[in-house]
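Peer 1: sequence and predicted model, in that order:
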Amino acid sequence: MNVEHASARLIDGYASGGTDLAADEVWALEAHLEACRICRDRLSDAVTAGAPAVAALTEAVWSDLEQRIAATAPAPPRRLRARLSAWTTPAMTPWLAMVLAVTLLALLLDLTGRGSGSGSGFRFGSGSGQVSLMLLLAPVLPVCGVAASWSRGLDPAFELTSSTPRAGLQLVLRRTASVLAVVIPTLLTGGWATGLTAAQWLLPCLAFTAMTLALGGVIGVTRAAAVLVAAWAAVVVAPTLATSRTAVALGTDGLPVWGLLLALGAAVVIVRRGAYTAPGAHR
């Protein structure tokens with residue numbers, strides 16, 4: 001597999017302090033240096049040749065650190081909480097708890113409505129049909145957790161996190177995966193209890209999540225989540241509750257459309273993966 005290495009201009013500019021490089025170039029180079037030993041060696045040679053004083057200072061610091069490290073007791077194994085911190089933020093816990101509570105409430109109402117009449121779901125409005133709250137809420141439930149996991153106002157370590165080379169798409173996907181790992185098993189259990197097929201809620205759920213990330217690369221993940229949840233409430237939830245009829249978008253006929261939206265959202269996220277290193281993605 002061919003690997004594209006950093007240009008000589010980027011290496012020399014970074015070795016001299018990076019003052020002539022754009023911020024996105026610095027972020028991209030630092031992320032590349034983490035995985036490319038060849039470019040790290042090139043950077044070391046550039047520092048030695050172009051800034052011998054810096055190279056001498058670095059060598060002196062490392063020599064002193066090696067002695068201190070050798071005399072220091074090894075660090076204890078990382079605790080589970082420390083491992084989870086790489087995937088979650090403190091603000092995600094109450095949001096995920098809220099999502100689980102809403103899911104359980106929807107399940108309870110669905111089972112109550114199912115026991116009091118035919119079909120699966122709870123009865124609303126003046127119509128004669130029944131609507132599953134699980135099916136109605138499943139597409140937007142993960143979006144709340146994703147917004148909380150990538151919000152500038154809810155992440156106390158935002159400045160520290162956004163300044164690291166891995167603050168881009170990799171971190172976004174990690175936090176999104178942690179949200180889905182909690183929400184999807186809960187929805188799977190609720191869907192099984194109410195008789196819903198997994199495809200009915202899973203495809204819209206994943207499609208909404210992908211579209212949130214895709215739109216988040218343009219206007220910010222939190223704003224994208226708010227826009228999509230508002231659109232879902234106005235276009236699907238309100239008419240469904242008013243007529244007590246399941247919207248076409250929630251039926252089996254709408255599954256190909258959800259699959260297309262999922263693929264489209266994933267493609268946009270991949271194409272615009274560099275957008276998630278910008279501070280605007282936290283809006």
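Peer 2: Alright, I've got the coordinates. Numbers count the residues shown, from 1 in each chain.

Peer 1: quick one, helices of the stretch 151-283 of the chain?
Peer 2: Counting by DSSP state H, counting those that start in this stretch, the stretch 151-283 of the chain has helices at residues 158-162, 169-194, 198-219, 221-232, 238-243, 255-271.

Peer 1: mean neighbour count, these: which tops it?
Peer 2: Among these, helix 198-219 has the highest mean neighbour count (mean count of other CB atoms under 10 Å), at a mean of 21. All C-beta atoms are positioned from the backbone trio N, CA, C, and that covers glycine.

Peer 1: end-to-end on stretch 234-243?
Peer 2: Criterion CA to CA, to the nearest Å; first-to-last residue distance in stretch 234-243 is 14 Å.

Peer 1: mean confidence for that stretch?
Peer 2: Stretch 234-243 carries an average pLDDT of 82.

Peer 1: check stretch 40-60 too.
Peer 2: Averaged over stretch 40-60, pLDDT sits at 79.

Peer 1: end to end, how far does it reach?
Peer 2: End-to-end span of stretch 40-60 (CA to CA): 19 Å.

Peer 1: name the residues of it that are buried.
Peer 2: By 16 or more other CB atoms under 10 Å, the buried positions in stretch 40-60 come out as Arg42, Leu43, Ala46, Val47, Ala55.

Peer 1: ranking the helices of the stretch 151-283 of the chain by mean pLDDT, which is last?
Peer 2: In terms of average pLDDT, helix 158-162 trails the rest of these, at a mean of 64.

Peer 1: contacting residues for the closest residue to Ala198 other than its chain neighbours?
Peer 2: Of all residues not flanking Ala198 in the chain, Gly191 sits nearest, at 6.1 Å (CB to CB, 6 or more residues apart in numbering). Neighbour list for Gly191: Met134, Ala138, Thr197, Ala198, Gln200, Trp201 [criterion: CB atoms under 8 Å, 6 or more residues apart in numbering].

Peer 1: what comes into contact with stretch 252-270?
Peer 2: For stretch 252-270, contacts defined as CB under 8 Å, 6+ apart pick out 169, 197, 199-200, 203-204, 206-207, 209-214, 217, 248-249.

Peer 1: give the contact list for the residue nearest the centre of the chain.
Peer 2: Residue closest to the mean C-alpha point of the chain, counted by CA atoms, centre = their mean, is Thr176 at 3.1 Å. Shown in contact with Thr176 (CB under 8 Å, 6+ apart): Pro142, Val146, Ser149, Thr209, Leu213.

Peer 1: before we move on, the earlier item: which of the buried residues of stretch 40-60 sits closest to Ala226?
Peer 2: Using CB to CB, Leu43 is the member of those that sits closest to Ala226, with 41.9 Å.

Peer 1: my read: the closest one touches Cys36, true?
Peer 2: No - with contacts counted by CB atoms under 8 Å, Leu43 stays clear of Cys36, the gap being 9.7 Å.

Peer 1: tell me, how many residues neighbour Pro94?
Peer 2: 11 (other CB atoms under 10 Å).

Peer 1: tell me how far it lies from Gly145.
Peer 2: Distance of Pro94 to Gly145, computed by CB to CB, to the nearest Å: 10 Å.

Peer 1: what's the answer for Leu255, then?
Peer 2: Distance of Leu255 to Gly145, computed by CB to CB: 24 Å.

Peer 1: and Leu171, by the same measure?
Peer 2: Going from Leu171 to Gly145 by CB to CB gives 15 Å.

Peer 1: again, but for Ala267
Peer 2: Distance from Ala267 to Gly145, by CB to CB: 23 Å.

Peer 1: got a list of what the nearest residue to Ala15 once chain neighbours are set aside touches?
Peer 2: Nearest residue to Ala15 in three dimensions, chain neighbours excluded: Ala46, at 3.9 Å (CB to CB, 6+ apart). Neighbour list for Ala46: Ile11, Asp12, Tyr14, Ala15 [criterion: CB under 8 Å, 6+ apart].
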